[in-house]
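Engineer: Need coordinates for the below:
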Amino acid sequence: MLNNDHLHHGHGKSDIAERISARKSGDFLRDTVFGGIDGTVTTFAIISGVSGAGMSHGVILVLGIANLLADGFSMAVGNYSATKSDLEKLEYLIDVENNHLEHYRAGEVDELRQILAGYGFKGSKLNDATETINSSQRLWVDLMLLGEYGLSSLRPNPTAAAMATFVAFVACGSVPLVPFLLRMENAIVVSSIATALVFFLVGAVKTMWTRRPWWRSGFETLLIGSSAALIAYSCGYFLSGLIT
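Structural biologist: Predicted coordinates for the structure are as follows:
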């Protein structure tokens with residue numbers, strides 16, 4: 001049973017219009033969560049590895065900040081390229097379908113009828129639905145994208161996706177570094193606690209768009225991040241003995 005309060009949204013005309021408008025503007029939850037988790041994991045992994053090797057706070061700050069900016073930029077660029085490829089693929093398929101509608105309209109009508117029949121339309125309702133969609137080429141193409149390729153007609157925004165990834169990466173990834181910047185005593189302990197809290201909060205917040213309990217998702221993300229940190233710390237500790 002769904003227990004998310006946000007699922008019980010309003011169904012007035014203004015509520016529906018607002019949701020449709022928000023849908024057209026895009027959803028960057030995946031980019032934000034991915035950037036936040038990866039930023040926290042990689043930064044704290046470096047801190048853990050360097051601490052395990054017994055190096056100074058200065059080295060931790062240099063490596064941590066360098067990773068924060070360089071890896072954050074790398075992730076943002078990678079996400080930009082991947083999202084742009086998705087956009088270019090979508091635009092290509094839209095051109096293909098428009099070309100088919102222009103030169104092979106009869107065949108496209110048959111294909112449209114089969115797609116609608118797969119959705120449960122029959123008899124006169126199937127004929128009416130086919131005729132209605134025939135009157136709007138944009139609607140027709142949108143349905144073909146979904147029925148033939150399983151793609152949404154919403155165009156992704158590569159720049160916005162990259163920015164969401166970078167901002168989340170830097171914002172979350174900077175948390176493990178704060179105790180070292182402030183020169184706190186037992187900075188690694190404070191950093192560990194703060195990082196664990198970030199892991200948990202990121203996992204909990206993403207359940208606003210899922211069916212999972214917030215505490216379960218929070219602990220799952222905490223477990224993943226802690227495992228990465230433990231591996232990095234262990235590597236730093238044992239490798240430092242080999243080097244020295």
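Engineer: those helices in the chain, which residues are they?
Structural biologist: Here the chain has its helices, by DSSP state H, at 13-25, 29-52, 57-103, 105-118, 123-134, 137-149, 158-173, 178-181, 187-205, 214-243.
Engineer: where's the closest residue to residue 235 other than its chain neighbours relative to residue 127, distance?
Structural biologist: Excluding the flanking residues, the one nearest residue 235 by C-beta to C-beta, 6 or more residues apart in numbering is residue 49, at 5.8 Å. Every C-beta, even on glycine, is put in place using the N, C-alpha and C of the backbone. Look at residue 49 and residue 127: by C-beta to C-beta, to the nearest Å, they are 66 Å apart.
Engineer: out of those two, which sits in the more crowded spot?
Structural biologist: The neighbour comparison of residue 49 against residue 127 (other C-beta atoms under 10 Å) goes to residue 49, with 22 against 13.
Engineer: Quick check: the more buried one touching residue 233?
Structural biologist: Yes: with contact defined as C-beta atoms under 8 Å, residue 49 reaches residue 233; the gap is 6.3 Å.
Engineer: Tally up the residues packed near residue 210, please.
Structural biologist: Neighbours around residue 210, by other C-beta under 10 Å: 11.
Engineer: Quick check: closest non-adjacent residue to it.
Structural biologist: Residue 210 sits nearest to residue 217 (C-beta to C-beta, 6+ apart), 7.0 Å away.
Engineer: try residue 181
Structural biologist: That would be residue 61: by C-beta to C-beta, 6+ apart, it lies 6.7 Å from residue 181.
Engineer: Surely that neighbour touches residue 183?
Structural biologist: No: counting by C-beta under 8 Å, residue 183 is not a contact partner of residue 61; they are 9.9 Å apart.
Engineer: Compare the two and say which is more crowded by neighbours.
Structural biologist: Counted by other C-beta under 10 Å, residue 61 and residue 183 do not tie: residue 61 has more neighbours, with 16 against 9.
Engineer: gap between the more buried one and residue 182?
Structural biologist: Counting by C-beta to C-beta - residue 61 and residue 182 are separated by 11 Å.
Engineer: Likewise for residue 145?
Structural biologist: From residue 145 to residue 182 the distance is 52 Å (C-beta to C-beta).
Engineer: So between these two, which is more surrounded?
Structural biologist: residue 145 (19 against 9).
Engineer: Could you check how far the nearest residue in space to the more buried one that is not next to it in sequence is from residue 144?
Structural biologist: Counting by C-beta to C-beta, 6+ apart, residue 145 lies nearest to residue 151, which is 4.7 Å off, once chain neighbours are set aside. Remark: distance between residue 151 and residue 144 (C-beta to C-beta) = 10 Å.
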